[in-house]
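Chemist: Sequence and predicted structure, then a few things I'm wondering about:
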Amino acid sequence: VLRGKELQSVINVMMGHQTFATVRRQLQAAFPTELPWMHVIGHYIGEFWYRRHGLKAIGMCDTYYNHGCYHGVVQYAARVHGPDPDFLQKLYDACVTQKKSPEDCSDPLGHASATLTVFDMPKALALCERFFTTDKERTYCGLGVFMEYFNTYTDRIFPPNASADTLRQVCQAFPLFYQPGCVELSLSYIRNTYGYTFEELMEHCQLFADEPTQKRCYYGV
């Protein structure tokens, strides 16, 4: 299976010479089951659509490959535009006018807000509060923020030899509403960075006294 730039090049050639309906049929034939890593294919499709159609590309996306197309559009737009929290308003307006509800936009815009604020997490979460009104929308927006944070900005999150308390305090620095998502999405980083075993991750979850956060942590493990 191709990865990285090779995979992106193949997707770009497919998208450049065939209709999207044809490309989708070919992808579904090649990958009949949606696996987590295939989310990146959706990213490449979204990036291609954005280069061709700008923010109208949001309306061309669907939930295929775990919403990867939406992520690709808004993340590519954010990277091209550069740091600017006010640009999220344009992304939000484009998304809600093309999709059925703001809920469809909350997760990808969470990813974009992390990029547009240069991973200033309080500012990114404040954008979630600004644009989304329901608990569900804000939860998904926060998850997008933290997913981008832990997947992209990992070199500045924890010191090389973090203590158990340090690991716990990182997520507790954020508003209580967003702590469960932060804790859940930090687990892969902790596992990859410190080599935590299953048992050690479970012990890490026990550090959290807040029941919703602890449950979310166990779910993540």
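Modeler: Cool, got the structure. Numbers count the residues shown, from 1 in each chain.
Chemist: And the helices in this structure, which stretches?
Modeler: Remark: helices assigned in the chain by DSSP state H are 4-17, 20-30, 39-53, 68-81, 87-98, 103-116, 121-131, 135-152, 164-172, 179-194, 198-206, 211-220.
Chemist: Next, format those helices as CSV and append distance to Phe158 and mean neighbour count.
Modeler: The C-beta positions use only the backbone N, C-alpha and C, and glycine is treated the same way. Shown next, in CSV, are the helices of the chain (distance: least, CB to CB, whole Å; neighbours: other CB atoms under 10 Å):
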stretch, distance to Phe158, mean neighbour count
helix 4-17, 26, 13
helix 20-30, 37, 13
helix 39-53, 25, 21
helix 68-81, 24, 23
helix 87-98, 27, 18
helix 103-116, 17, 26
helix 121-131, 14, 19
helix 135-152, 10, 21
helix 164-172, 6, 15
helix 179-194, 7, 20
helix 198-206, 12, 14
helix 211-220, 16, 16
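Chemist: which residues sit against stretch 111-124?
Modeler: Counting contacts by CB atoms under 8 Å, 6 or more residues apart in numbering, the residues outside stretch 111-124 that touch it are 71, 74-75, 77-79, 81, 83-85, 87-88, 91, 110, 127-128, 141, 144-145, 147-149, 152-153, 156, 174.
Chemist: any idea which residue sits dead centre in this structure?
Modeler: Closest to where the C-alpha atoms of the chain average out (CA atoms, centre = their mean) is Gly144, at 3.9 Å.
Chemist: low-scoring stretches of the chain, by residue?
Modeler: Filtered on pLDDT under 70, the chain yields the residue ranges 1-3, 154.
Chemist: If anything else comes up later, I'll come back, but that's it for now.
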